[in-house]
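Colleague: only geometry, no sequence info:
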């Protein structure tokens with residue numbers, strides 16, 4: 001079997017890493033940027049931390065800040081026009097997964113105009129050219145979109161999240177600067193952090209996982225477990241913020257190359273149909289989905305228990321799996337994640353529509369245990 005691993009051309013890490021942008025731009029010969037971000041990051045001054053670097057270096061740019069929390073086909077189409085009108089030759093994406101996913105869609109369509117309808121990008125799109133170069137600066141520690149070959153866009157007409165997988169969309173440069181995350185509210189820190197934990201666990205047990213991806217995912221599980229509660233409870237703790245920034249990137253390096261599973265398959269329609277934040281959707285499902293998958297990946301669950309520091313000598317594989325599931329549940333509660341779908345406004349009447357999309361989601365086939373639509377309905381019911 002041949003395994004493939006795709007990573008950024010170069011990445012920078014550490015508080016203040018955004019100051020590397022001028023050197024990157026000069027080295028690569030870029031001329032003008034389209035800055036892709038959202039109005040919240042503009043309003044609260046987070047984007048300004050990056051824009052100041054561009055201003056000081058006299059790098060020309062225009063701003064597209066129409067990105068929605070769950071970005072849409074319209075967001076991408078409008079962004080394509082913004083890039084063309086700006087006559088920009090590279091993109092600076094500032095934000096969480098929404099900004100970076102939107103930037104990926106913009107960059108891909110501008111170099112592959114045959115996909116200008118956006119919806120034809122769903123799944124594994126047969127693009128021929130690399131995206132317009134993207135410098136990605138995450139402001140949340142969760143999605144790892146700065147290092148993945150995936151992006152998610154909502155098709156408004158079908159009320160469906162499209163998962164797009166394309167090696168040509170990976171940002172050329174990732175700049176992981178924890179200082180951009182210091183003002184992140186506790187609830188968003190928790191949701192994005194648990195998204196990262198879901199990436200790490202699903203990436204570890206997915207069907208395509210192998211030795212290299214396992215190495216990254218186990219380290220990410222250990223680091224997220226160590227740093228996320230601290231980052232939620234003590235937002236100014238620089239060590240925890242930087243630890244989470246690096247941990248979520250490590251998780252992304254691996255899952256981007258091996259895929260995910262039914263947790264993400266079930267989480268996507270929760271966002272598309274009910275506007276549930278992606279990290280919350282993943283987190284609320286995780287303990288229950290872990291228990292469902294345990295029989296198909298017991299050896300990996302022993303590794304998870306060890307990474308979570310809950311493994312005790314002499315445990316059976318089943319006991320280790322139970323300890324791992326319990327620890328993830330307890331961690332989720334500790335950082336303030338809701339525990340029932342009803343808390344999110346989802347009712348029993350919504351489950352059929354959710355299950356229809358979940359069974360068809362591009363992430364679901366990667367699940368280590370074969371899953372049917374009836375299984376998915378049962379899983380939703382367990383956390384209703």
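Modeller: Yep, it's here. Computed from a predicted structure; not experimentally measured. Residues are numbered from 1 along each chain as shown.

Colleague: For residue 151, which three-state class applies?
Modeller: With DSSP: H, G, I helix; E, B strand; the rest coil as the basis, residue 151 sits in strand.

Colleague: I'd say residue 127 and residue 113 touch.
Modeller: No. Contact criterion Cβ atoms under 8 Å: residue 127 and residue 113 do not qualify, at 10.5 Å. In short, each C-beta sits where N, CA and C put it, glycine included.

Colleague: Comparing those two, which residue is more hemmed in?
Modeller: Between residue 127 and residue 113, counting by other Cβ atoms under 10 Å, residue 127 is the more crowded of the two (19 against 10).

Colleague: Next, the more buried one: secondary structure please.
Modeller: coil.

Colleague: With adjacent residues omitted, what lies nearest to it?
Modeller: Spatially, and ignoring its direct neighbours in sequence, residue 127 is nearest to residue 112 (4.4 Å; Cβ to Cβ, 6 or more residues apart in numbering).

Colleague: Identify the residues contacting the one you found.
Modeller: 127, 128, 129, 168 (Cβ atoms under 8 Å, 6 or more residues apart in numbering).

Colleague: need the strands for the stretch 1-150 of the chain, in chain order.
Modeller: 10-13, 33-36, 61-64, 90-95, 123-124, 134-138, 150-155 (DSSP state E, counting those that start in this stretch).

Colleague: strand partners of the fifth one, parallel vs antiparallel please.
Modeller: Here strand 123-124 is paired, per DSSP bridges, with strand 160-165 (parallel).

Colleague: neighbouring strands for the helix or strand just after the strand it pairs with, and are they parallel or not?
Modeller: Sequence order places strand 173-176 as the next helix or strand after strand 160-165, per DSSP states H and E. Counting by DSSP bridges, the strands paired with strand 173-176 are strand 10-13 (parallel), strand 134-138 (parallel).

Colleague: which of these is buried the deepest?
Modeller: strand 134-138 (a mean of 28; mean count of other Cβ atoms under 10 Å).

Colleague: how much does that strand deviate in direction from strand 90-95?
Modeller: 10 degrees (axes from the mean of the first three to the mean of the last three Cα atoms, to 10 degrees).

Colleague: which residue packs closest to residue 56, ignoring adjacent ones?
Modeller: residue 22 (7.8 Å).

Colleague: wait, which of the strands of the stretch 1-150 of the chain is closest to residue 301?
Modeller: The closest of the strands of the stretch 1-150 of the chain to residue 301 is strand 150-155. By Cβ to Cβ, the value is 25.0 Å.

Colleague: which parts of the closest one are buried?
Modeller: 150, 151, 152, 153, 154 (16 or more other Cβ atoms under 10 Å).

Colleague: check which helix or strand covers residue 355.
Modeller: helix 351-360.

Colleague: just the contacts of residue 112 now: which is nearest residue 43?
Modeller: residue 168 (32.7 Å).

Colleague: quick one, what contacts that closest one?
Modeller: So residue 168 contacts 108, 111, 112, 127, 128, 129, 130, 131 (Cβ under 8 Å, 6+ apart).

Colleague: and those, which are buried?
Modeller: By 16+ other Cβ under 10 Å, the contacts of residue 168 give 108, 111, 112, 127, 130, 131 as buried.

Colleague: Roughly how far does the third one sit from residue 166?
Modeller: By that I understand residue 112. 9 Å (Cβ to Cβ, to the nearest Å).

Colleague: Can you pull the residues that touch both of those two?
Modeller: Joint contacts of residue 112 and residue 166 (Cβ under 8 Å, 6+ apart) are residue 127.

Colleague: Where does pLDDT dip in the stretch 51-200 of the chain?
Modeller: Within the stretch 51-200 of the chain, no stretch has pLDDT under 70.

Colleague: before we move on, back to that, next, show the common contact partners of residue 127 and residue 113.
Modeller: Residues touching both residue 127 and residue 113 (Cβ under 8 Å, 6+ apart): there are none.

Colleague: I'd guessed residue 227 sits against residue 247; true?
Modeller: Yes. At 6.4 Å, residue 227 counts as touching residue 247 under the criterion of Cβ under 8 Å.

Colleague: Which residues are in contact with the residue nearest to residue 56?
Modeller: Neighbouring residues of residue 22 by Cβ under 8 Å, 6+ apart: 53, 56, 57, 59.

Colleague: ditto for residue 239
Modeller: Residue 239 neighbours (Cβ under 8 Å, 6+ apart): 227, 230.

Colleague: Just the helices from this protein, written as ranges.
Modeller: 21-28, 39-43, 46-56, 73-86, 97-111, 186-205, 211-233, 238-258, 262-274, 278-293, 298-307, 317-334, 351-360, 373-382 (DSSP state H).

Colleague: any idea which of the contacts of residue 168 is the one closest to residue 49?
Modeller: Among these, and counting by Cβ to Cβ, the member closest to residue 49 is residue 131, at 24.3 Å.
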